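Enquirer: Turn this into a structure:
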Amino acid sequence: MRKLDYRWHLREVMAMRGMFATTDLRPLLAERGIELSPSQVYRLVTERPERLNLAVLMALMDILGCRMEELIEPVAAQVPAARRAAGQEGSGPPGGPGVGEFRPRRARVLPPSEGGPAN
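Expert: Numbering: from 1, shown residues only. A predicted model of the protein is given here:
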């Protein structure tokens, strides 16, 4: 199974357009009907968003005069080195045990045997 990830390039695209402060972006978003708090704009610029409203994306593209591909770069997800070395790319058998192999087994409660310790 192929996992996808992405890189967020808003800060770089802003810099290429001469915008170096997150405070420059807030009034431009407001002109397009996007009301975000200063902290929301800061996080949008400095962190990689997990979710992004399409209206915000369209406003950013309009403000910066860029395409979506310039802001969001799809990339293949990195598989942790320990899993790669063990040959466990997926959760199935080729190369290693699957998730089901690590589940606890159901306990069997046996009646106390005669002569043995009883709790």
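Enquirer: Mind jotting down where the helices sit in this protein?
Expert: 10-16, 25-31, 38-46, 54-64, 68-71, 81-86 (DSSP state H).
Enquirer: Endpoints of stretch 17-34, how far apart?
Expert: One end of stretch 17-34 to the other measures 20 Å (CA to CA, to the nearest Å).
Enquirer: List the buried residues of it.
Expert: Met19, Thr22, Leu25, Arg26, Leu28, Leu29, Ile34 (16 or more other CB atoms under 10 Å). From N, CA and C alone the C-beta is placed, and that goes for glycine too.
Enquirer: still on that earlier bit, for my notes, please list the helices of the chain in a markdown table and give mean pLDDT and distance to Val109 for each entry.
Expert: Formatted as a markdown table, those follow (pLDDT from 0 to 100; distance: least, CB to CB, whole Å):
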| stretch | mean pLDDT | distance to Val109 |
| --- | --- | --- |
| helix 10-16 | 95 | 58 |
| helix 25-31 | 96 | 63 |
| helix 38-46 | 95 | 52 |
| helix 54-64 | 97 | 56 |
| helix 68-71 | 95 | 59 |
| helix 81-86 | 57 | 35 |
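Enquirer: Dump those into JSON lines; add distance to Leu110 as well.
Expert: JSON lines is the format used below for the helices of the chain (distance: least, CB to CB, whole Å):
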{"stretch": "helix 10-16", "distance to Leu110": "63"}
{"stretch": "helix 25-31", "distance to Leu110": "68"}
{"stretch": "helix 38-46", "distance to Leu110": "57"}
{"stretch": "helix 54-64", "distance to Leu110": "60"}
{"stretch": "helix 68-71", "distance to Leu110": "63"}
{"stretch": "helix 81-86", "distance to Leu110": "36"}
